[in-house]
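*Asks:* Give me a 3D structure for the following:
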Amino acid sequence: MTADILAEPTLAPLTLALCPKGREKDPQAGPPGITVRLKINFPAFALDVDLTLPGTGVTALFGPSGSGKTTCLRAIAGLEHAVALRSAAQRNVVTINGETWQDDAQGVFVPTHLRALGYVFQEASLFAHLSVAQNLTYGQKRVARIAGAQQKVSLDAAVELLGIGHLLARQPHTLSGGERQRVAIARALATSPRLLLMDEPLAALDAKRKAEVLPYLEILHRKLNIPILYVSHAMDEVARLADHLVLLEDGQAIASGPAAEVMTRLDLPLAHGDAAGAVISATVASHDPGYHLTLVRFAGGEFSLPQQALDVGHTLRVRVQARDVSLTLQRQTGTSIQNILPVTVTALSPDAPGQVMVQLDAGGSVLLARVTARSVEALALEVGKPVFAQVKGVAILG
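*Replies:* Numbering: from 1, shown residues only. Predicted coordinates for the structure are as follows:
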């Protein structure tokens, strides 16, 4: 297997200047959460989505190029104005934790510059003639244009979160791609957003720079109480960051739900092909310095992994790819595979020619195994059958 460890890096403690209540809400506003109901028609493309999303954490908009991810994000930001519909039941609506940004029935459309949002693009788009510090200060000026805004994250805290204190006197052209994106994210946070929009912020970076930025995105996820909508077509980013996952295809949301569930649904394309896999939440149980191993436990079992610099009790994500899980009828001995779990077959679905994707229940955690059709027949695999999952060699992502 490849079990990818998705954990927060070890950094110095942070002191965040957070406003406990954020903006004052309209007393007539609705309940917490994000509502996105939009219909936009273009000559060769239509976006038609109706989503109810969590008001906290990271929601990933995932799908192939041309599926509508960026268009959806731009519409939420007010950069694409959805057409007004005659039916009140189908009216275009964008609400963020009770604050209405668009509602056709009420004649509400808040322009982009008055929406309390931060937007991070693929390219950092920093002002070349300004220093890093001046770029951040410029972003902070926008707060004054948001009626009733209260500072949710201080500029100093944003600088510390993104680890850019040593860059403040530098000019943008002297920064690496990863450094520029970290500055761009800090600038977005300086606007005191109610919502942070990130449109493939790592797509323009090479593997090294991407690995540099990802840990900071994990820190934002853990430390800030600001919902993030994150557009990506890279499953490794989604696995590391997303709590909720929206799968877009041809302008429509074909699935929306907890990321771990959506990734393992056999009726969806994410659970098929060579990149299919499961994400499991685990807790560090112990370390074995002699063998340089860390034991993590989760609902359904435990994994031995290469030693992690994490305290006992730390929660982390483990990604198990389907291609790295094999199945046996009995627990094997005399094998180099150390991670062996009792599981139950919950579903089977054809995959590539001669391949079958098997969904497994490991005490409440879901795994996928990609096996041959011949193996399915030889093991007489069927729904409800108890088997053992062997999770092969371990690797760490990022």
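*Asks:* What segments of the chain are helices?
*Replies:* 69-77, 132-141, 155-162, 177-189, 207-223, 235-241, 259-262, 373-378 (DSSP state H).
*Asks:* who does the second one touch, helix- and strand-wise?
*Replies:* Taking 3 or more C-beta pairs under 8 Å, 6 or more residues apart in numbering; DSSP states H and E as contact, the helices and strands that helix 132-141 lies on are helix 155-162, helix 177-189. All C-beta spots, glycine's among them, are computed from the backbone N, C-alpha and C.
*Asks:* before we move on, the earlier item: which of the helices of the chain is buried the deepest?
*Replies:* For these, the largest average neighbour count (mean count of other C-beta atoms under 10 Å) is found in helix 177-189, namely a mean of 24.
*Asks:* can you give me the offset of it from its chain's centre?
*Replies:* Centroid separation between helix 177-189 and its chain, computed with C-alpha atoms, centre = their mean, to the nearest Å, is 18 Å.
*Asks:* and the angle for that helix with helix 207-223?
*Replies:* 30 degrees (axes from the mean of the first three to the mean of the last three C-alpha atoms, to 10 degrees).
*Asks:* CSV please, covering the helices of the chain and showing distance to residue 333 and mean pLDDT.
*Replies:* Output for the helices of the chain, formatted as CSV (distance: least, C-beta to C-beta, whole Å; pLDDT from 0 to 100):
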stretch, distance to residue 333, mean pLDDT
helix 69-77, 48, 94
helix 132-141, 58, 83
helix 155-162, 49, 88
helix 177-189, 46, 93
helix 207-223, 38, 89
helix 235-241, 32, 90
helix 259-262, 31, 95
helix 373-378, 20, 97
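*Asks:* Can you check which of those gets nearest to residue 385?
*Replies:* Residue 385 lies closest, by C-beta to C-beta, to one member of those: helix 373-378, at 10.5 Å.
*Asks:* Send me the closest one as PDB with only the CA atoms.
*Replies:* Output of helix 373-378 as PDB, limited to C-alpha atoms (Å, rounded to 0.1, in the frame of the first residue of the first chain):
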ATOM      1  CA  ALA A 373     -11.700 -10.400 -11.600                       C
ATOM      2  CA  ARG A 374      -9.900 -13.700 -11.400                       C
ATOM      3  CA  SER A 375      -9.100 -13.100  -7.700                       C
ATOM      4  CA  VAL A 376     -12.800 -12.200  -7.000                       C
ATOM      5  CA  GLU A 377     -13.800 -15.500  -8.400                       C
ATOM      6  CA  ALA A 378     -11.000 -17.500  -6.700                       C
END
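*Asks:* Name the surrounding residues that touch it.
*Replies:* Contact with helix 373-378 is made by 327, 348, 350, 354, 355, 356, 358, 381, as judged by C-beta atoms under 8 Å, 6 or more residues apart in numbering.
*Asks:* Pull out the buried members of these.
*Replies:* 327, 348, 355, 356, 358, 381 (16 or more other C-beta atoms under 10 Å).
*Asks:* For the residues you listed, give me JSON lines that also has pLDDT and distance to residue 372.
*Replies:* Output for these, formatted as JSON lines (pLDDT from 0 to 100; distance: C-beta to C-beta, whole Å):
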{"residue": "327", "pLDDT": "97", "distance to residue 372": "11"}
{"residue": "348", "pLDDT": "98", "distance to residue 372": "12"}
{"residue": "355", "pLDDT": "96", "distance to residue 372": "6"}
{"residue": "356", "pLDDT": "97", "distance to residue 372": "7"}
{"residue": "358", "pLDDT": "98", "distance to residue 372": "11"}
{"residue": "381", "pLDDT": "98", "distance to residue 372": "11"}
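*Asks:* What residues does the nearest residue to residue 364 once chain neighbours are set aside make contact with?
*Replies:* Nearest-residue entry for residue 364: residue 299, 4.0 Å, with adjacent residues in sequence omitted and distances by C-beta to C-beta, 6 or more residues apart in numbering. Applying C-beta under 8 Å, 6+ apart, we find residue 299 in contact with 362, 363, 364, 365.
*Asks:* and this protein, what are its domains?
*Replies:* 31-258, 277-391 (automatic domain parsing).
*Asks:* that older thread, the helices of the chain: which one's closest to residue 313?
*Replies:* Nearest to residue 313, of these and by C-beta to C-beta, is helix 207-223 at 14.8 Å.
*Asks:* Give me the most central residue, this structure.
*Replies:* Centroid check for the chain by C-alpha atoms, centre = their mean gives residue 242 as the closest residue, at 2.3 Å.
*Asks:* Can you list the low-confidence ranges for the stretch 51-200 of the chain?
*Replies:* 82-90, 139-152 (pLDDT under 70).
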